[in-house]
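K.L.:
Following is a predicted model, sequence given first.
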Amino acid sequence: MAILLDSGFLVLLADKGAKDHQWATEALDATTDDVWTTEAVLTEAAAALAELGGRAAFGLVLKLVEDDTIKIFRPLEADTGTVGRLLARNAGRQFTFATAGLVAAVDALPRATVYTTAAELFKSLRTLARDVVPHVAPHVAPTDD
């Protein structure tokens with residue numbers, strides 16, 4: 001199984017004052033699965049933390065990448081066509097390049113689940129095969145494949 005972290009989850013992880021920081025920390029600590037994110041997600045998380053005045057907190061996230069606790073999935077190296085098709089399919093929605101990379105990773109990594117704070121968005125997303133994107137969010141029951 002693979003865990004994919006979105007930017008909202010990374011912000012919760014880095015921002016010790018966030019309401020659901022403990023949930024994010026416990027969720028990451030509890031997994032024995034491979035944990036992944038993308039460079040685009042890291043960019044979004046860094047920007048969000050900078051807006052919150054927590055640019056220094058992003059160092060925690062970078063340390064997790066450096067320690068190989070969080071691995072980097074590179075969706076364009078895996079298949080540029082998948083990302084392009086996902087972006088085209090979701091044009092006009094709150095669907096960023098970072099989100100497209102996570103959805104592409106769901107297709108590429110075995111039994112992948114996205115850890116997110118954007119449950120409303122992810123419950124409406126589908127992979128190219130039209131499968132629901134499995135996700136876990138605070139205060140929301142997990143979804144399955």
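P.N.:
Good, I have the coordinates. Numbers count the residues shown, from 1 in each chain.
K.L.:
Give me the buried stretch members for the lowest-mean-pLDDT helix or strand in the chain, please.
P.N.:
When each helix and strand of the chain is scored by mean pLDDT, DSSP states H and E, helix 75-78 comes last, with a mean of 85. Neighbour counts over helix 75-78 (16 or more other C-beta atoms under 10 Å) mark Pro75, Leu76, Ala78 as buried. For glycine as for every other residue, the C-beta is placed from the backbone atoms N, C-alpha and C.
K.L.:
what does whatever helix or strand comes next after that helix rub up against?
P.N.:
For helix 75-78, the succeeding helix or strand toward the C-terminus, using DSSP states H and E, is helix 80-89. With contact meaning C-beta atoms under 8 Å, 6 or more residues apart in numbering, helix 80-89 is reached by Pro75, Leu76, Phe95, Phe97, Ala100, Gly101, Val103, Ala104, Asp107, Ala108, Leu128.
K.L.:
Repeat the analysis, applying 6 Å as the threshold.
P.N.:
For helix 80-89, the external contacting residues (C-beta atoms under 6 Å, 6 or more residues apart in numbering) are Pro75, Ala100, Val103, Ala104, Leu128.
K.L.:
residue contacts, the last one?
P.N.:
Put plainly, it is Leu128. So Leu128 contacts Arg85 (C-beta under 6 Å, 6+ apart).
K.L.:
ok, so what distance separates the residue of the chain most remote from its centre from Leu62?
P.N.:
Going by C-alpha atoms, centre = their mean, the residue of the chain most distant from its centre is Gly53, 21.3 Å out. From Gly53 across to Leu62, the span is 18 Å (C-beta to C-beta, to the nearest Å).
K.L.:
can you check Gly92 too?
P.N.:
Relative to Leu62, Gly92 is positioned 33 Å away (C-beta to C-beta).
K.L.:
Those two: which has the busier surroundings?
P.N.:
Leu62 (13 against 5; other C-beta atoms under 10 Å).
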